[in-house]
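Novice: Below are the sequence and a predicted model for it; my questions follow.
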Amino acid sequence: MNQQLRWSEIIVALATPPGIGAIAVIRLSGHGSISLVNELFPSKNLEAAAGNTLHVGLLQHNNQLIDEVVLSLFKSPKSYTGEDVVEISCHGSTFIQQQIIEVCINKGARLATPGEFTLRAFLNGKMDLVQAEAVADLIASGTKASQETALNQVRGGFSSILSALREELIKFSALIELELDFSQEDVEFVDRSSLRALLLKIDKTIHALLESFHLGNVIKNGVSVAIIGKPNAGKSTLLNSLLNENRAIVSSIAGTTRDTIEEVINIDGILYRLIDTAGIREGGDEIESIGVERSKEKMQSADIVVYLFDASTESSDELTTIKTELNSIAKSWMMVGNKVDAISSEEQNALNASLENSVFISAKNQLGLDQLKDALRLKVMGGLVNAENTIVTNARHVQALQQVANNLSAIQIGLSNNIPGDLLAIDIRQCLYHLGEITGQITNDDQLDFIFSKFCIGK
Ligand SMILES: Nc1nc2c(ncn2[C@@H]2O[C@H](COP(=O)(O)OP(=O)(O)OP(=O)(O)O)[C@@H](O)[C@H]2O)c(=O)[nH]1
Ligand SMILES: [Mg+2]
């Protein structure tokens, strides 16, 4: 069907989760949705009512009573989609929900496709594409950190920065195109040095955004933290203490943990995937050796390695060697001394002096765990350029940002080589295109279908 036509239809969907609840919300959007519901709502004339109002009354169809409902009325353009919107809050029986949706369809509405309400909001200019995508992330957010990044983007986030930069570049692009019209006269309308300055500014923003992707991803999917160390250091005890449950077997026999154990935990709003590993040592039996290999793999792949050592037995010389090893293998690591309950404060100070930046805990007695949590948080947030608003979480944005980065270097190289204006104009147009792709100023139907098909129905 013609897309334009599809988008002029009235759509209806259950906005609350399917199933029985105290209340369910059914949402309609589109020109004519208010008069549609009006026909089912004899007690008041909704068409005469103002927008942003609530109305209590009976919903009925063909003189059959359906339910007593509350209607929320939003009039175009002051609504989520920018169109006339009615939300019917009914009693949460699935039978009632279905009946209301069926009656609405009977009256000319059709079922909304996934994300169609938000798609309409985008098409009607209520939000840009980054904001629309962030709505899906917000619905899916399971931690405070992912909620915060999504909410930030719903409210404008980095797309407003990019839009502003794009506007500036458009001005230059227009001037360069103008130069082409006067190419015979050999004039330059564009001050090349201010163009260069703008390109640098865009470059910096793009790279900061690209860098933030790793962190953004981590916030969305969880930070993997591998607990590595020698047998008996207390790795499984630490896992259990952080989880507050006896998840892994703890014993005084070295080599207790044979395979990796992974558990997800939310600490202060950040999702961590804690991985307990087999203690690393040479010469165990076959199963233990396989376990040790897995530990080494985790050491390389984890976002953060917590190297746990037994402060009561391991020497600082040995630990200094391990530090060098960690530097070459792990992406990000910290050394944590366990069993502080078994050493004197002098011994702890000595170790501390030689290791710097270590955290000391007693996993068994739950000592120092807050410091460890703080240190982990610092490691996660440390990779962040600007925690306020430059976190990219979406792979589509990264792809487009990468393209923009490539275009920018092409323009910059072109500028330094004094290439003709017409070639420069092509590169700038490409750059504008990819910038616009992120915020949705440039779109195509396939792309929109792809993005919005991942939404739930009713949003
Ligand atoms: N004194 C003291 N003992 C601890 C502490 N944490 C763990 N232990 C003891 O150290 C021993 C080994 O603990 P585990 O947690 O099994 O050690 P692990 O690092 O998982 O060992 P493997 O699985 O063999 O690699 C157990 O007897 C624990 O009770 C602590 O903070 N203080
Ligand atoms: Mg263990």
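Specialist: Structure received. Here the structure is a predicted model, which is why all the values come from computation and not from measurement. Ligands and ions are numbered 1, 2, ... in the order given.

Novice: Could you list the contact residues of this structure toward ligand 2?
Specialist: Listed as neighbours of ligand 2 in the chain under the rule C-beta under 5 Å from the ion: 235-236, 256-257. C-beta coordinates here come from the backbone N, C-alpha and C atoms, glycine included.

Novice: Secondary structure added to the residues you listed, as TSV?
Specialist: Putting those into TSV (DSSP: H, G, I helix; E, B strand; the rest coil) gives the following:
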residue	secondary structure
K235	helix
S236	helix
T256	coil
T257	coil
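
Novice: from these, which two are the most distant?
Specialist: Maximum pairwise distance among the residues of the chain next to ligand 2 (C-beta to C-beta): 9.4 Å, between K235 and T256.

Novice: Mind listing the shared neighbours of those two?
Specialist: Residues touching both K235 and T256 (C-beta atoms under 8 Å, 6 or more residues apart in numbering): G279.

Novice: for the chain, which helix is longest?
Specialist: Criterion DSSP state H: the longest helix present in the chain is helix 192-221.

Novice: Tell me which helix or strand comes right after that one.
Specialist: Counting by DSSP states H and E, the next helix or strand C-terminal to helix 192-221 is strand 223-229.

Novice: buried ones in stretch 131-150?
Specialist: Within stretch 131-150, the residues that count as buried by 16 or more other C-beta atoms under 10 Å are 131-138, 141, 143, 145-150.

Novice: For the longest helix of the chain, name the packing helices and strands.
Specialist: helix 144-154, helix 157-181, strand 270-276, helix 369-382, helix 395-416 (3 or more C-beta pairs under 8 Å, 6 or more residues apart in numbering; DSSP states H and E).

Novice: any chance of the ones you listed in JSON lines, with distance to ligand 1 too?
Specialist: JSON lines is the format used below for the helices and strands packed on helix 192-221 (distance: least, C-beta to the nearest ligand atom, whole Å):
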{"stretch": "helix 144-154", "distance to ligand 1": "29"}
{"stretch": "helix 157-181", "distance to ligand 1": "42"}
{"stretch": "strand 270-276", "distance to ligand 1": "7"}
{"stretch": "helix 369-382", "distance to ligand 1": "10"}
{"stretch": "helix 395-416", "distance to ligand 1": "36"}
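
Novice: any weak-confidence spans in the stretch 251-400 of the chain?
Specialist: 382-390 (pLDDT under 70).

Novice: Mind telling me which residue of it is nearest ligand 2?
Specialist: In the stretch 251-400 of the chain, the residue that lies nearest ligand 2 is T257 (3.0 Å; C-beta to the ion).

Novice: And that residue, how far from R273?
Specialist: 17 Å (C-beta to C-beta, to the nearest Å).

Novice: and the two? which has more neighbours close in?
Specialist: It is T257, of T257 and R273, that has more neighbours when counted by other C-beta atoms under 10 Å, with 22 against 17.

Novice: and that one, what is it in contact with?
Specialist: By C-beta under 8 Å, 6+ apart, the neighbours of T257 are 235-236, 248-249, 276-279, 291.

Novice: Please report which of the residues you listed has the highest neighbour count.
Specialist: Using other C-beta under 10 Å as the neighbour test, the contacts of T257 are led by K235, with 31 neighbours.

Novice: which non-adjacent residue is nearest that one?
Specialist: Excluding the flanking residues, the one nearest K235 by C-beta to C-beta, 6 or more residues apart in numbering is I227, at 4.5 Å.

Novice: residues near that neighbour, how many?
Specialist: With other C-beta under 10 Å as criterion, I227 counts 30.

Novice: on that earlier part again, the longest helix of the chain versus helix 369-382: what angle between them?
Specialist: Taking axes from the mean of the first three to the mean of the last three C-alpha atoms, to 10 degrees, helix 192-221 and helix 369-382 form an angle of 140 degrees between their directions.

Novice: Taking helix 157-181 as reference, get the angle to helix 192-221.
Specialist: Calculated by the same axes, to 10 degrees, helix 192-221 forms an angle of 150 degrees with helix 157-181.

Novice: Got phi/psi on L14?
Specialist: When read as degrees, to the nearest 10, the backbone of L14 gives phi -80, psi 130.

Novice: got the contact list for it?
Specialist: With C-beta under 8 Å, 6+ apart, L14 has these contacts: 24-27, 97, 101, 457-458.

Novice: again, only this time at 10 Å
Specialist: 24-27, 88, 90, 94, 97-98, 100-101, 111-112, 456-458 (C-beta atoms under 10 Å, 6 or more residues apart in numbering).

Novice: Tell me the residues on this protein that lie near ligand 1, please.
Specialist: 229, 231-237, 250-252, 254-257, 278-279, 338-339, 341-342, 362-365 (C-beta under 6 Å from any ligand atom).

Novice: Buried ones among the residues you listed?
Specialist: By 16+ other C-beta under 10 Å, those give 229, 231-237, 250, 255-257, 278-279, 338-339, 362-364 as buried.

Novice: how's this structure carved up into domains?
Specialist: 3-126, 139-217+390-440, 222-362 (automatic domain parsing).

Novice: Roughly how far does the residue of the stretch 251-400 of the chain closest to ligand 2 sit from G283?
Specialist: Applying C-beta to C-beta, the value for T257 to G283 is 17 Å.

Novice: cool, and I253?
Specialist: 15 Å.

Novice: cool, N152 as well?
Specialist: From N152 to G283 the distance is 52 Å (C-beta to C-beta).

Novice: can you give me phi and psi for the spatially closest residue to A254 that is not a sequence neighbour?
Specialist: Spatial nearest neighbour of A254, excluding adjacent residues (C-beta to C-beta, 6+ apart): P231 at 3.5 Å. Backbone geometry at P231, expressed as degrees, to the nearest 10, gives phi -60, psi 140.

Novice: how far away is P231 from A330?
Specialist: According to C-beta to C-beta, P231 and A330 sit 19 Å apart.

Novice: For the stretch 201-350 of the chain, which segments count as strands?
Specialist: Residue ranges of the strands in the stretch 201-350 of the chain, as given by DSSP state E, counting those that start in this stretch, are 223-229, 261-267, 270-276, 304-310, 333-338.
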